[in-house]
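What follows is a predicted protein model with its sequence.
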Amino acid sequence: MSDQSNQDVKGRTALVTGSTSGIGLGVAKALVAAGANVMVNGRTPKGDVSAILDEIRGAGDGQVDYVSADLSQATEVARLVEETTTRLGAPDILVNNAGVQHVSPLEDFPAEKWELIISLNLSAAFHSTKACLGHMKTQGWGRIINVSSAHGIVASPFKSAYVAAKHGLNGLTKVTALEAAETGVTCNAICPGYVWTPLVAKQIDDQAKSHNIPKEDVIRDIILKPQPNKQFATVEEIGALTVFLCGMGGRSITGASLPVDGGWTAH
């Protein structure tokens with residue numbers, strides 16, 4: 001990506017929640033590569049993520065730091081933003097990526113799982129946005145990117161809490177965009193379908209064992225059944241889109257829910 005494309009990103013402070021693995025890790029690396037200083041977040045003690053932090057630092061010249069926080073707690077979200085501000089400066093870019101999933105029929109869905117999924121996938125994004133938006137408005141520039149899901153646009157059975165949270169996240173995205181529309185702050189949601197991550201790889205292995213069928217059949221006929229292109233998106237794709245939305249090309253894109261789903265939601 002050209003320097004001109006990254007000119008709005010260089011030197012900015014970015015906070016990426018849930019960024020020690022999967023999509024969040026890919027986004028953190030892409031932002032560092034574009035010149036941002038990135039606060040990495042997870043629930044692992046810092047000493048246990050040193051290799052991950054070195055990997056992110058290797059992507060570019062930006063500063064990289066780490067804060068462990070349980071984002072299902074509002075006080076922990078506030079602490080994360082405060083720590084980021086102290087160490088790297090107030091966040092100019094906020095990527096709400098942290099999330100969790102549970103699959104169960106609605107009548108059997110554990111209440112504690114519902115509360116956890118809503119708090120981590122939706123409420124945490126509200127609390128972090130609330131904490132960061134004032135600074136962004138004051139300086140006249142900010143980018144809030146909510147990592148939602150194709151399930152923020154369409155539904156699947158047995159995922160009541162996740163679908164509800166992601167639909168809510170897309171709604172929060174629109175409200176944030178409207179409230180900040182004249183301030184130089186944008187807010188968008190990225191809505192991936194299935195992305196190749198270690199978590200998905202484990203799901204494939206588990207499904208293959210459960211159904212006693214080859215992994216290739218699990219991928220095509222179960223995991224990627226709703227995706228017309230029959231391909232996983234990559235974390236690099238999500239990272240590249242994040243950088244684009246933060247750069248010159250994304251200045252007039254706000255309030256959008258952008259599918260990265262191989263045509264899933266085109267049905």
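That came through, no problem.

For the worst-scoring helix or strand of the chain on mean pLDDT, name the packing helices and strands.
Lowest on mean pLDDT, DSSP states H and E among the helices and strands of the chain sits helix 198-211, with a mean of 88. With contacts taken as 3 or more C-beta pairs under 8 Å, 6 or more residues apart in numbering; DSSP states H and E, helix 198-211 sits against helix 215-217. For every residue, glycine as well, the C-beta is placed using N, CA and C.

before we move on, the earlier item: next, the buried residues of the least confident helix or strand of the chain.
For helix 198-211, the neighbour count (16 or more other C-beta atoms under 10 Å) marks 203, 204, 207, 208 as buried.

cool, stretch 10-30 as well?
Across stretch 10-30, burial judged by 16+ other C-beta under 10 Å covers 12-30.

Can you list the low-confidence ranges for the stretch 101-250 of the chain?
Of all residues in the stretch 101-250 of the chain, none has pLDDT under 70.

quick one: the helices in it?
For the stretch 101-250 of the chain, helices defined by DSSP state H, counting those that start in this stretch occupy the ranges 111-118, 124-139, 160-179, 198-211, 215-217, 235-246.

any chance of those in CSV, with distance to residue 60 too?
Putting the helices of the stretch 101-250 of the chain into CSV (distance: least, C-beta to C-beta, whole Å) gives the following:
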stretch, distance to residue 60
helix 111-118, 33
helix 124-139, 22
helix 160-179, 27
helix 198-211, 23
helix 215-217, 35
helix 235-246, 11
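
and the nearest residue to residue 244 once chain neighbours are set aside, how many neighbours?
Spatial nearest neighbour of residue 244, excluding adjacent residues (C-beta to C-beta, 6 or more residues apart in numbering): residue 250 at 5.6 Å. Residue 250 has 20 neighbouring residues, counting by other C-beta atoms under 10 Å.

State the pLDDT value of residue 85.
In this model, residue 85 is scored at 98, pLDDT.

what residues are up against it?
By C-beta atoms under 8 Å, 6 or more residues apart in numbering, residue 85 lies in contact with residue 91.

Could you do residue 60 as well?
Residue 60 makes contact with 32, 33, 34, 35 under the criterion C-beta under 8 Å, 6+ apart.

partners of residue 192 in the sheet?
For residue 192, the beta-bridge partners are residue 260 (DSSP bridges).

Could you measure from it over to residue 218?
The spacing between residue 192 and residue 218, counted by C-beta to C-beta, to the nearest Å, is 19 Å.

Counting neighbours, go ahead and name the busier of these two.
More crowded of residue 192 and residue 218, by other C-beta under 10 Å: residue 192, with 26 against 20.

Would you mark the buried spots in stretch 87-100?
Within stretch 87-100, the residues that count as buried by 16+ other C-beta under 10 Å are 88, 90, 91, 92, 93, 94, 95, 96, 97, 98, 99, 100.

Redo those as CSV? Include secondary structure, pLDDT and distance to residue 225.
CSV is the format used below for the buried residues of stretch 87-100 (DSSP: H, G, I helix; E, B strand; the rest coil; pLDDT from 0 to 100; distance: C-beta to C-beta, whole Å):
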residue, secondary structure, pLDDT, distance to residue 225
88, helix, 98, 42
90, coil, 98, 43
91, coil, 98, 38
92, coil, 98, 40
93, strand, 98, 35
94, strand, 99, 33
95, strand, 99, 29
96, strand, 98, 28
97, coil, 98, 25
98, coil, 97, 27
99, coil, 95, 22
100, coil, 94, 23
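
List the buried residues for stretch 58-72?
Judged by neighbour count (16+ other C-beta under 10 Å), stretch 58-72 contains these buried residues: 59, 60, 62, 64, 65, 66, 67, 68, 69, 71, 72.

In a helix, the second one, correct?
Looking back up the chat, that one is residue 60. No: according to DSSP: H, G, I helix; E, B strand; the rest coil, residue 60 belongs to no helix; its state is coil.

Quick check on it: phi, psi?
Backbone torsions of residue 60, given as degrees, to the nearest 10, read phi -180, psi -160.

Tell me the spacing between it and residue 31.
8 Å.
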